[in-house]
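Q: Can you look at this prediction? I've put the sequence above it.
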Amino acid sequence: MDAIGADQKDPRVAASSQTLNGSGPDAEVRSRLDAVWELANDALFAISLDGTIVAWNRSAERIYGYPAQAIIGKPLSLLVPEDRRHELETTITSIARGATIEHFETIRLRSDGVPIDVSLSIAPTRDEKGRVTCALAVARDITAIKQALRQAELSSVKLSEREAMLQRALLALRKSLEETKSAQLQVVQAAKLESIGRLAAGVAHEVKNPLAVILFAIDYLAETVQTPDVNMVAALNDARDAVLRADSVIRGLLEFSTATELTVAKEDVNSVLEKALLLVRHALTKSHIFVVEEFASDLPPAMLDPTKIEQVFVNLMINAVDAMPSGGTLIIRSRREQLKEPGPDVGYRRSDRFRVGQTVIVIEIEDTGTGIDEAARARLFDPFFTTKPPGRGTGLGLAVCKSIVALHGGTIRIANREGGGGTRATVIFQSVRP
Amino acid sequence: MDKIRVLLIDDEPSFTRMLKLSLERRGRFEVRVENNGAYGLKVAQDFRPDIILLDVIMPDVDGGEIASTIREDRNLKDTPIVFLTAGVSKETTRAKGNVIGGQKYLAKPATVDEIVRCIETQLRKPGGVAPGSSAVPKN
């Protein structure tokens, strides 16, 4: 702002002097007040009780953009946005009653129409009789502070959004981590199977040829020796049994390793159970085992490899037969079931093997033998673990069963029957629409 | 009665020696052995077998390749081929009717009786010959 010469009548100073000179203070006081008026960093202006601007300092010019000459004598409403005009009446009324307004934050307009944030403090000025004559306003431009606050609020909102986004990302990451761990386990298991498979294939080729030679030699000797003594016959039979046993171990390894190859189709699980039963019929009759079939007639189909699943059922049925050397009852059940509650392998997540609400096929194969002790139950699916007497089992049967069922997306578990007296194998498959 | 001419191609000399011995002891079979798969086709062309028992995994050449070259030979294309393999289990071959990929398989170790039954079954099929007769004209 241009400096004003001593001989010129500065409207800002004149205004202040006119306004503040009502009681006639002495020159020193007036000089101080004029200095405050001139040097104040806030806008200072005086308003008459009818709302007319009567004094206007240098900072008011800077903040509002109006030169004193242009604004003095104009109504205060020039500075007030349309939607805040009501503040004017309230303010003037309050001041006329002698009230003081302090730090009232509002919005006012610059001369170019740009709104600014101001903090207003207004006090009445009085004449020698104490009557309110006009109001002195101090307006502090707080636009920068308000903008900073608004920016901070905006940042805070954005921060909250980011935090929520991070929380969601964290949850997704945790879920993904769990799924990765689960997938990793499956990959490790698949890698184990693959290495066992490679090993088994190599062992099979290297061992089965010599076994075949031994078997031919045994048969050749058995056929060519004209008058074999009793010991020779027994020795040849033992040798043949040994070859067949070694072959069954290799076979088990091969089956364990090739359990990864499935040829699936929509199948009726009851039919697969029937075929498996036919295959073990001879063993059942020989062991005097009575069979109870409780097959559901409304069983939905399942996507499965019938040969592999038949192998699973045969295996479980043979185990049941072996568990009842003195006879007993083999109970085979099939039923459809809608999973109602979360539990082992049942949940709400995509990574759960079964989902709550899903319809599954449940197969139970039960024997009335003596059951299995807890320590053995924990290891039943370990390769090469068997509860059968030496020479009766390779310990690979249930490991193969578990692999096959898992490949079908199903589960298998073995527990003692409630109340004891036998074992129940439960196999669960996902069903498909008929 | 002509004997059934069996060509046995397998790289395991002890296996071929024992199987030849066991089959020929039955009196109905004439067995030619070839332990080098690469010579399989040449021996088959010379011997004109009624049936070929062919090992799958051999060090120099794979049984599948030998079977392919035999199938391309005008005089041998109808000769039944049975693969002998140590790579699959008996349960697998039985479950698939002893046929994998359209080819007849026998899992090792098989007994001589199982091999004889397999040979007889193959020779009774169309394209095979009745036991004791000849599938293709002999030179």
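A: On my side now, so go ahead.

Q: Point out where chain B drops to low pLDDT.
A: Filtered on pLDDT under 70, chain B yields the residue ranges B:1, B:87-103, B:125-139.

Q: For it, just list every one of the strands.
A: Here chain B has its strands, by DSSP state E, at B:4-9, B:29-34, B:51-55, B:81-85, B:99-100, B:103-107.

Q: In TSV: the ones you listed, plus distance to A:His408.
A: From N, CA and C alone the C-beta is placed, and that goes for glycine too. TSV is the format used below for the strands of chain B (distance: least, CB to CB, whole Å):
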stretch	distance to A:His408
strand B:4-9	39
strand B:29-34	43
strand B:51-55	34
strand B:81-85	27
strand B:99-100	21
strand B:103-107	25
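
Q: Run through the helices of chain B in chain order.
A: B:13-25, B:40-47, B:63-71, B:90-95, B:112-124 (DSSP state H).

Q: Would you convert the ones you listed into CSV that also reports mean neighbour count and distance to A:Ser59?
A: Shown next, in CSV, are these (neighbours: other CB atoms under 10 Å in any protein chain shown; distance: least, CB to CB, whole Å):
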stretch, mean neighbour count, distance to A:Ser59
helix B:13-25, 19, 112
helix B:40-47, 18, 110
helix B:63-71, 17, 100
helix B:90-95, 17, 98
helix B:112-124, 17, 113
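
Q: of all those, which lies closest to A:Leu273?
A: helix B:90-95 (16.2 Å; CB to CB).

Q: what does chain A put close to chain B?
A: Contacts of chain A with chain B, taken as CB under 8 Å from any CB of the partner chain, map to A:201, A:204-205, A:207-217, A:219-220, A:223-224, A:243, A:247, A:250-251, A:254-255, A:258, A:307, A:310-311.

Q: Can you list which of these are found in helices?
A: A:201, A:204-205, A:207-217, A:219-220, A:223-224, A:243, A:247, A:250-251, A:254-255, A:307, A:310-311.

Q: circling back: could you tell me which of the residues of chain A next to chain B count as buried?
A: Buried subset of these (neighbour count, 16 or more other CB atoms under 10 Å in any protein chain shown): A:201, A:204-205, A:207-217, A:219-220, A:243, A:247, A:250-251, A:254-255, A:258, A:307, A:310-311.

Q: Could you pull up the residues touching residue 43?
A: No chain in the question, so chain A it is. Residues in contact with A:Ala43 (CB atoms under 8 Å, 6 or more residues apart in numbering or on different chains) are A:Asn57, A:Ser59, A:Ala60, A:Arg62, A:Ile63, A:Tyr64, A:Val118, A:Ala137, A:Val138, A:Ala139, A:Arg140, A:Asp141.

Q: think we crossed wires, I meant chain B
A: The contact partners of B:Val43, by CB under 8 Å, 6+ apart, come to B:Leu7, B:Ile9, B:Arg32, B:Glu34.

Q: ok, 6 Å please
A: Residues in contact with B:Val43 (CB atoms under 6 Å, 6 or more residues apart in numbering or on different chains) are B:Glu34.

Q: Just put the strands of chain B in TSV and tack on distance to B:Lys42 and mean neighbour count.
A: Formatted as TSV, the strands of chain B follow (distance: least, CB to CB, whole Å; neighbours: other CB atoms under 10 Å in any protein chain shown):
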stretch	distance to B:Lys42	mean neighbour count
strand B:4-9	11	25
strand B:29-34	9	19
strand B:51-55	13	26
strand B:81-85	16	23
strand B:99-100	27	13
strand B:103-107	22	21
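
Q: Average pLDDT for the helix or strand hosting A:Arg245, rounded please.
A: Using DSSP states H and E, A:Arg245 sits in helix A:230-257. Model confidence over helix A:230-257, given as mean pLDDT, is 80.

Q: One more: stretch A:100-109?
A: The average of the pLDDT scores along stretch A:100-109 is 94.

Q: and if you look at stretch A:322-330?
A: On average, stretch A:322-330 scores 91.

Q: Could you give the separation between the terminal residues of it?
A: By CA to CA, to the nearest Å, the extent of stretch A:322-330 from end to end equals 11 Å.

Q: ok so, going back, the contacts of A:Ala43 into TSV, with extra columns for neighbour count and secondary structure?
A: Shown next, in TSV, are the contacts of A:Ala43 (neighbours: other CB atoms under 10 Å in any protein chain shown; DSSP: H, G, I helix; E, B strand; the rest coil):
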residue	neighbour count	secondary structure
A:Asn57	25	coil
A:Ser59	23	helix
A:Ala60	25	helix
A:Arg62	13	helix
A:Ile63	22	helix
A:Tyr64	24	helix
A:Val118	23	strand
A:Ala137	24	strand
A:Val138	20	strand
A:Ala139	23	strand
A:Arg140	19	strand
A:Asp141	20	strand
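
Q: And the furthest pair within those residues?
A: Taking CB to CB, the two most distant members of the contacts of A:Ala43 are A:Arg62 and A:Ala137; they sit 15.3 Å apart.

Q: hmm, back to that, which secondary structure elements does the helix holding A:Arg245 contact?
A: Contact analysis of helix A:230-257 by 3 or more CB pairs under 6 Å, 6 or more residues apart in numbering or on different chains; DSSP states H and E lists helix A:143-224, helix A:397-407 as its packing neighbours.

Q: After it, which helix or strand is next?
A: As assigned by DSSP H and E, the chain's next helix or strand after helix A:230-257 is strand A:265-267.

Q: Heading C-terminal from that next one, find the next helix or strand.
A: helix A:269-286.

Q: Tabulate the CA atom coordinates of that following helix in CSV.
A: The C-alpha coordinates for helix A:269-286 follow below in CSV (Å, rounded to 0.1, in the frame of the first residue of the first chain):
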residue,chain,number,x,y,z
VAL,A,269,-21.3,-94.9,-5.4
ASN,A,270,-23.7,-97.8,-4.5
SER,A,271,-22.7,-99.6,-7.7
VAL,A,272,-19.1,-99.2,-6.9
LEU,A,273,-19.8,-100.6,-3.4
GLU,A,274,-21.6,-103.6,-4.9
LYS,A,275,-18.7,-104.4,-7.2
ALA,A,276,-16.2,-104.2,-4.3
LEU,A,277,-18.4,-106.5,-2.3
LEU,A,278,-18.4,-109.0,-5.1
LEU,A,279,-14.6,-109.0,-5.1
VAL,A,280,-14.4,-109.8,-1.4
ARG,A,281,-17.4,-112.2,-1.3
HIS,A,282,-15.1,-115.2,-1.2
ALA,A,283,-13.1,-113.9,1.7
LEU,A,284,-16.4,-113.0,3.6
THR,A,285,-17.8,-116.5,3.1
LYS,A,286,-14.5,-118.1,4.1
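
Q: tell me the mean pLDDT for that helix?
A: Here the average pLDDT along helix A:269-286 is 90.

Q: What residues of that helix count as buried?
A: Within helix A:269-286, the residues scored as buried using 16+ other CB under 10 Å are A:Val269, A:Asn270, A:Val272, A:Leu273, A:Ala276, A:Leu277, A:Val280, A:Leu284.

Q: Am I right that the second one is in contact with A:Ala296?
A: No - under the criterion of CB atoms under 6 Å, A:Asn270 lies out of contact with A:Ala296, with a separation of 7.6 Å.

Q: Spell out which residues are contacts of both of those two.
A: Residues touching both A:Asn270 and A:Ala296 comprise A:Ser334, with contact defined as CB under 6 Å, 6+ apart.

Q: Residue 76 - how many residues pack around it?
A: As the question left the chain open, I've gone with chain A. Counted with other CB atoms under 10 Å in any protein chain shown, the neighbours of A:Leu76 add up to 20.

Q: oops, I was thinking of chain B
A: B:Leu76 has 21 neighbours, counted by other CB under 10 Å.
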